[in-house]
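Visitor: Any chance you can model this:
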Amino acid sequence: MGILLWIIIGVVAGAIAHRVLNSRGGFIGSLVVGLVGALVGGKLAEMLDLHVTGGLVDQFIIATIGAILFLFVWKKVFG
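Guide: The predicted structure is shown next:
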């Protein structure tokens with residue numbers, strides 16, 4: 001997957017996470033939350049032995065779930 005597609009998925013996943021948790025974040029904030037969320041979601045899927053096909057939709061769902069979890073923990077730890 002190209003870097004541009006990673007950025008797009010990261011921004012959208014981060015924006016959704018910000019929206020779900022009623023948080024503030026601009027383009028860069030959404031990008032960071034989304035990309036870190038993709039890593040968190042990927043690791044979580046690996047730990048839970050989830051068999052994702054690696055398609056675009058799967059990656060987007062995993063990144064969004066990971067972004068929501070990451071942002072939730074971030075808000076609890078750093079207020």
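Visitor: which other helices and strands contact the longest helix along the chain?
Guide: Secondary structure of the chain read by DSSP state H shows that its longest helix is helix 56-78. Packing contacts for helix 56-78, counted by 3 or more C-beta pairs under 8 Å, 6 or more residues apart in numbering; DSSP states H and E, involve helix 3-20, helix 27-47. Heads up, the C-betas are built off the backbone N, CA and C, glycines and all.
Visitor: Rebuild these as TSV, extending it with mean pLDDT, mean neighbour count and distance to residue 60.
Guide: What follows is the helices and strands packed on helix 56-78, written out as TSV (pLDDT from 0 to 100; neighbours: other C-beta atoms under 10 Å; distance: least, C-beta to C-beta, whole Å):
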stretch	mean pLDDT	mean neighbour count	distance to residue 60
helix 3-20	88	18	6
helix 27-47	88	18	9
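Visitor: I'd like to know which of those lies nearest to residue 66.
Guide: helix 27-47 (2.4 Å; C-beta to C-beta).
Visitor: Hmm, residue 58 is touching residue 52, no?
Guide: Yes - using C-beta atoms under 8 Å, residue 58 makes contact with residue 52 at a distance of 4.3 Å.
Visitor: still on that earlier bit, now the angle from the longest helix of the chain to helix 3-20?
Guide: 50 degrees (axes from the mean of the first three to the mean of the last three C-alpha atoms, to 10 degrees).
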